[in-house]
Structures are given as structure tokens and as C-alpha cells.
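I need the structure of the sequence given here:
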Amino acid sequence: MESPITVLIADDHPIFQRGLQQIIETDDGLQIVASVADGDEALASLRALKPQVAVLDVDMPKRDGFAVLNAVRAENLPSSVILLTMYKEERFFNAALDAGVKGYVIKDSAVGEITEAIRAAARGENFISPLLSTLLIKRLNRVENPQTSRLDSLTTSERRVLRLVAEAKSNKQIADELFISVRTVENHRANICAKLDLEGKNALLAFALTNKKDI
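Residues are numbered from 1 along each chain as shown. Predicted coordinates:
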């Protein structure tokens, strides 16, 4: 018989923590070795017990889930980390994956997903709540087209110009709509091309039309 997967839970909401613990304990293949209420306790337990999987709430006292995750990576601790969160925003999702999280589970759906997420993390695989599938597809598309990931480097004015370029408007039309000079529009276009590494006469227009929904 295989040894159970060892699990640490860290969440500062007692009712949610108990509920999560009860769900995990119904699976004979999983074993909770610690259940704590803040980030400092979580990190101390991770160092001492080295569970295979750590289930961490993003919002915790003392250290949040991201801080504990970063410490796990910095100290090369063996635990795979799953973050529990209420956040469905793209910036939190991408920050979690960039930090090396193995699982990203929305709290609203944790009851039905947590045991599957733990087993996936223990296998070295990733588990993302299906509710976040749109964010995952957008992330994958940006990996395939790295230029779209550089959109964040554009200023507000440059984004306004790029949106109007996507509407196939001329420099004069853009200038009139934004109450700026044609020369300023030309400068914005040049800066956008430099930031997005676009070359060629119609490269900016082609990019704007192709990625209109992301601008």
C-alpha cells in the first residue's frame, strides 16, 4: 500500500479551515500533518515537516500565501504549493504562476476541487480551477505571441493611439480625436513600435488589428 500524500493547510478562517480539513480527511490517500492559521506558522511547519503539498490561503496574517511561496522557492523546500484565493483577476493569476505555484484554486469551488488539486501537485502537475480557464488561455496566447505581453509597457496615451490605429484611422484622424498634433501621433507610433519590437511599414496596423481585443 502506498504511503499517503502529506499535506499542510494554512488558512486564518477557522470555519473554512475545518471544512477543508474534513474534505481532505475523507480521502484515505491524503494525510494532514499540520493545520495552521498564519504565514509564519506555515513556513515554520514547512521547514520542520516538509509535507509533499502545502495548501495556502493567499490572504493570511504575518505572511501572505505569496510570501510563503517565495520563501519555499528561495529555500528550496520540497513542498509543492497550492494557493487558495478569492481573486479571479488576471494579475493575481499570472503572479501566482510566475512564482511557481502548482495549484491555483478559487475558494468558492475548493470543496469539489481540492483533493484533485493536491493529487496533481504531488505528481508534479499543475491544477487550475476551471473557472479560470479563460485566464489560462489568455496566458498561453501571450506566451505564443510575446509582443502582446509587452502591451503593459505602453503609456496611457500610447494605448489610446494604438486603439485608434486598430480602427484603421489615419494619423490626422487620431490627432483630431485626441486633440494632439500629427507629429505627436507619429512620435507615439514610433515609440509603440520600438516597445513592441515591430518593424515594417504596416507592422503596427497589422498588430493592432490582430490584437484589438487585448489593447
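
tell me how far the longest helix anywhere in the chain is from the chain's mean position?
Counting residues, the longest helix found in the chain (DSSP state H) is helix 182-196. Chain-centre distance of helix 182-196: 30 Å, with C-alpha atoms, centre = their mean, to the nearest Å.

What of stretch 8-23?
Worked out by C-alpha atoms, centre = their mean, stretch 8-23 lies 23 Å from the chain centre.

avg pLDDT for the longest helix of the chain?
Across helix 182-196, the average pLDDT comes to 92.

Packing partners of it?
helix 156-166, helix 171-178, helix 203-210 (3 or more C-beta pairs under 8 Å, 6 or more residues apart in numbering; DSSP states H and E). In this view, the C-beta of every residue, glycine as well, is placed from N, C-alpha and C.

Counting by contacts, list what the second one packs against.
Here helix 171-178 is seen to pack against helix 156-166, helix 182-196 when contacts are counted using 3+ C-beta pairs under 8 Å, 6+ apart.

Could you do the first one as well?
With contacts defined as 3+ C-beta pairs under 8 Å, 6+ apart, the packing partners of helix 156-166 are helix 171-178, helix 182-196, helix 203-210.

where are the low-confidence patches of the chain?
Applying pLDDT under 70 to the chain flags the ranges 1, 134-149.

how about the strands of it, start to end?
5-10, 30-36, 53-57, 80-85, 103-106, 127-128 (DSSP state E).

count of residues packed around the residue lying closest to residue 4 once chain neighbours are set aside?
Excluding the flanking residues, the one nearest residue 4 by C-beta to C-beta, 6 or more residues apart in numbering is residue 31, at 3.9 Å. Number of residues near residue 31 (other C-beta atoms under 10 Å) recorded here: 15.

separation between residue 31 and residue 5?
As judged by C-beta to C-beta, to the nearest Å, residue 31 and residue 5 stand 7 Å apart.

How about the contacts made by residue 184?
residue 175 (C-beta atoms under 8 Å, 6 or more residues apart in numbering).

repeat for residue 159
Contacts of residue 159 by C-beta under 8 Å, 6+ apart are 151, 215.

Just put the helices and strands packed on helix 156-166 in TSV and tack on distance to residue 160.
Converted to TSV, the helices and strands packed on helix 156-166 look like this (distance: least, C-beta to C-beta, whole Å):
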stretch	distance to residue 160
helix 171-178	6
helix 182-196	8
helix 203-210	12
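
so which of the ones you listed comes closest to residue 69?
Smallest distance to residue 69 across the helices and strands packed on helix 156-166 (C-beta to C-beta): 30.4 Å, for helix 182-196.

angle of that closest one against helix 156-166?
Helix 182-196 runs at 90 degrees relative to helix 156-166, counting by axes from the mean of the first three to the mean of the last three C-alpha atoms, to 10 degrees.
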